[in-house]
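Q: take this sequence and fold it.
(one chain, ligands or ions: 1)
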Amino acid sequence: MSRTPVIFGNWKMNMLQKDAEAFLQEVDPYLTGSENAVFGICAPYTDLGVCVQHARHLQIGAENCSQYDHGAYTAEISIPMLTEIGVKYCIIGHSERRTYYSETSAACAEKAKALFAAGIVPILCVGETEAQYDAGQTQTVLKQELQESLQGLTAEQVAQMIIAYEPIWAIGTGKSADPGIAQSCCQLVRQTVQELFTPAAAEAVRIQYGGSVKPANIKEYMACADIDGALIGGASLKADSFKAIIDAVR
Ligand code: PGA
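A: Coordinates of the predicted model:
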């Protein structure tokens, strides 16, 4: 079974609306005829309207959401609010959310269920810290994050989602993971999905590598059997580098 490659930029807390608009105007038309892969951008909430408005080919996602539908949750953004704008994907459990904002795997599971109910595809991030990597705990950390974050989902739902393996020591550091390490961790993610759900879900789920991916190294990751795409921070901020990534993948 062949899985469609899926590449997403993650702008994090960068890009004003005018930057988002300029990026979309340059990158979106560039994707004409790139139907063999899915390319998208996860943008700050305030950019989402502009992004959806200018996107014909790019898929647009949010970087987070609330697990609650509505109510007294000051400053949170609900899934119905994202649906109203036309958002189709949403990152959950990014390590920056887990580290700085105490986002738990249990909350990720709630968010994933609510996103599926609204027809939005979750991009679930998992990954170990440098200390955990050095201590040989990568397998244990990944299995636990997956077990807790996918809790309550059906095999059919997991088959449709995206899981991003992002070693925390490789994010924003320029220290990208060796493709061999990235492959073995993505393989472990797939194997864990098989153990928790079904072989069919494991076969279908798309797994991204994330952590200092750039035009110069994306091909090495895409050549790995269990890597179906990438989640890209820094190199997604400039139209030129994102276009170079598109060229490398399509
Ligand atoms: P990076 O970020 O590409 O800048 O390392 C990746 C991410 O955090 O998703």
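
Q: now Ala107: closest residue in space, sequence neighbours ignored.
A: Gln67 (5.8 Å; Cβ to Cβ, 6 or more residues apart in numbering). In this view, the C-beta of every residue, glycine as well, is placed from N, C-alpha and C.

Q: for the one you found, report the pLDDT, please.
A: pLDDT recorded at Gln67 is 98.

Q: distance of it relative to Ala177?
A: 30 Å (Cβ to Cβ, to the nearest Å).

Q: now the protein against the ligand: closest residue?
A: When distances are taken as Cβ to the nearest ligand atom, the chain reaches nearest to the ligand at Gly233, 2.4 Å away.

Q: I'd like to know how many residues surround that residue.
A: For Gly233, the neighbour count with other Cβ atoms under 10 Å is 21.

Q: that one against Phe8, yeah?
A: No. Gly233 is beyond contact range of Phe8, at 10.2 Å (criterion: Cβ atoms under 8 Å).

Q: show me where this structure has its helices.
A: For the chain, the helices defined by DSSP state H occupy 17-30, 45-54, 79-85, 95-100, 105-118, 130-134, 138-149, 155-160, 179-196, 199-204, 218-222, 239-249.

Q: let's have those in CSV, adding mean neighbour count, mean pLDDT and distance to the ligand.
A: As requested, these are exported to CSV (neighbours: other Cβ atoms under 10 Å; pLDDT from 0 to 100; distance: least, Cβ to the nearest ligand atom, whole Å):
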stretch, mean neighbour count, mean pLDDT, distance to the ligand
helix 17-30, 17, 98, 16
helix 45-54, 19, 98, 16
helix 79-85, 17, 98, 19
helix 95-100, 16, 97, 7
helix 105-118, 20, 98, 15
helix 130-134, 14, 95, 14
helix 138-149, 18, 98, 15
helix 155-160, 18, 98, 21
helix 179-196, 19, 98, 12
helix 199-204, 16, 98, 22
helix 218-222, 20, 97, 11
helix 239-249, 18, 97, 10
